[in-house]
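Participant: sharing a model prediction with you, sequence too.
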Protein chains: 2
Amino acid sequence: MELLKKKIVEEGIVLSGQVLKVDAFLNHQIDPLLMLEIGKEFKRRFEGDPITKILTLESSGIAPSVMAGLEMNVPVVFGRKHKSLTLTDDLYVQSVYSYTKQQTNEVTVSRKFLSAEDRVLIIDDFLANGEAALGLANIVKKAGAQVAGIGIVIEKSFQPGADKLREAGYRVESLARIASLDNQKLQFVNEPAAEEDSHVQLV
Amino acid sequence: MELLKKKIVEEGIVLSGQVLKVDAFLNHQIDPLLMLEIGKEFKRRFEGDPITKILTLESSGIAPSVMAGLEMNVPVVFGRKHKSLTLTDDLYVQSVYSYTKQQTNEVTVSRKFLSAEDRVLIIDDFLANGEAALGLANIVKKAGAQVAGIGIVIEKSFQPGADKLREAGYRVESLARIASLDNQKLQFVNEPAAEEDSHVQLV
């Protein structure tokens, strides 16, 4: 997604060989128009799939998910990392290990918002080791629902998550794929742009 | 806002005389189309005010804020209740006491996303004791920026927050105002509907 890649290049900050900071537009300050375009792109990629619900994780997954939900006309549910006092229902509980924070969170989703009839698109802001996405997929399984796929805003392709998810049989759609952050330099996975593709075919 | 009040009546659950549960459409499962209408209503109420930024609090403030930001064409910043490893900048830090959770959170906002030139609309999902909104207003003050007003999705008017904020001089715009939750019964503040108003004037 060219608009997203442009934003990453212009406003992302490479903090280390592992960490890309995008708090200027995605996970602290949010660019609502970019989120809408991200929502449209998820809709385009999953067009024709009878998705009934989007599942994400608080907090940074919410903005792209709610725009995807708007475009696809389905509700969004966000898994909670911290207990809510007003969530007194039966819960799906899933341990999710965060390599970044080196801690395990108990992610919870109310049973009443996921049922066996649901076909679920999982959305998250980052894909690194895949623990969050796999945890959300496990919650979908516990509900007896289907995972339609996993939509990721930024995939760090040099970390094992994307391969892990694809090997587990999930369809993964990442809007920007980063090959490397080494030497303070951001490199995207070399993907032929759509325009170049059609040009090649025309010639 | 009639659409919101209808949703509260149909899907809200009165848990006690103090607690209204709206996790079916606002703070666990999210109705994206309702969020868009909420964003439009905030835009309408603050029309003409040269707002440059929206400030909210994770997680439940994000969905209505990002839709308001989309409609008003301004960025959204969410205060973090939990530390982020990639937020290494200078931070505004504000203690916010939660009566519901009976704990104090240190809410943080990166200094680079709020400046003295900003005119800020604060948005939150609930207004009860006003601690969160006052905390966000303090962060705006620390930045030397202006508070344009405080936009609330659901105000519990029987709790002291709304009066506290208005007495402190803030413009408060609440889209649904609840007078009472006593006896398992939800009562809205008695506000003449816009249509009734104009009817009265016509007669």
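Facilitator: Right, received. Where do you want to start?
Participant: shouldn't residue A:107 be within a strand?
Facilitator: Yes. The assignment for residue A:107 (DSSP: H, G, I helix; E, B strand; the rest coil) places it in a strand.
Participant: OK, contacts around it?
Facilitator: Residue A:107 makes contacts with A:57, A:79-81, A:93-96, A:135-136, A:139, as judged by CB atoms under 8 Å, 6 or more residues apart in numbering or on different chains. Bear in mind the C-beta positions are built from the backbone N, C-alpha and C, glycine included.
Participant: select the longest helix from chain A.
Facilitator: In chain A, taking DSSP state H as the definition, the longest helix is helix A:32-45.
Participant: parallel or antiparallel, list what pairs with the helix or strand following that one.
Facilitator: Sequence order places strand A:53-57 as the next helix or strand after helix A:32-45, per DSSP states H and E. The pairing partners recorded for strand A:53-57 under DSSP bridges are strand A:76-79 (parallel), strand A:119-127 (parallel).
Participant: without its sequence neighbours, what residue ends up closest to residue A:159?
Facilitator: Closest residue to residue A:159 apart from its sequence neighbours, by CB to CB, 6 or more residues apart in numbering or on different chains: residue A:128 at 4.5 Å.
Participant: so what's the one you found up against?
Facilitator: A:18, A:99-100, A:156, A:159, A:161.
Participant: just for chain A, where's the confidence low?
Facilitator: Within chain A, the stretches with pLDDT under 70 are A:83-88, A:192-203.
Participant: give me phi/psi at the closest residue to residue A:36 other than its chain neighbours?
Facilitator: Excluding its sequence neighbours, the residue lying closest to residue A:36 (CB to CB, 6+ apart) is residue A:67, at 5.0 Å. Residue A:67 has phi and psi values of phi -70, psi -40 when expressed as degrees, to the nearest 10.
Participant: any figure for the gap between the residue nearest to the spatial centre of chain A and residue B:20?
Facilitator: Centroid-nearest residue in chain A, with CA atoms, centre = their mean: residue A:124, separated by 2.3 Å. Using CB to CB, to the nearest Å, residue A:124 is found at 30 Å from residue B:20.
Participant: before we move on, what about residue A:46?
Facilitator: From residue A:46 to residue B:20 the distance is 34 Å (CB to CB).
Participant: equivalent analysis for residue A:119, please.
Facilitator: Counting by CB to CB - residue A:119 and residue B:20 are separated by 31 Å.
Participant: more crowded one of the two?
Facilitator: Neighbour count, other CB atoms under 10 Å in any protein chain shown: between residue A:119 and residue B:20, residue B:20 has more, with 19 against 16.
Participant: from chain A, how far off is the more buried one?
Facilitator: 8 Å (CB to the nearest CB, to the nearest Å).
Participant: specify the beta-bridge partners of that residue.
Facilitator: Bridge pairing for residue B:20 - DSSP bridges - gives residue B:14.
Participant: just the helices in chain A please.
Facilitator: Along chain A, the stretches classed as helices by DSSP H are A:2-11, A:32-45, A:62-72, A:131-142, A:161-167, A:194-202.
Participant: quick check: angle from the first one to helix A:32-45?
Facilitator: This points to helix A:2-11. 140 degrees (axes from the mean of the first three to the mean of the last three CA atoms, to 10 degrees).
Participant: helix A:2-11 and chain B, are they touching?
Facilitator: No. If you take CB under 8 Å from any CB of the partner chain as the test, helix A:2-11 misses chain B, and the best it gets is 11.2 Å.
Participant: picking that back up, so who does the residue nearest to residue A:36 touch?
Facilitator: By CB under 8 Å, 6+ apart, the residues touching residue A:67 are A:35-36, A:38-40, B:32, B:66.
Participant: which pair of those spans the longest distance?
Facilitator: Greatest spatial distance among those (CB to CB): A:40 and B:66, at 14.6 Å.
Participant: of the two, which one has the most company?
Facilitator: Shown here are residue A:40 and residue B:66; by other CB under 10 Å, residue B:66 has more neighbours (29 against 16).
Participant: that one against residue A:33, yeah?
Facilitator: No. The pair residue B:66 and residue A:33 fails to qualify as a contact (CB atoms under 8 Å) at a distance of 10.1 Å.
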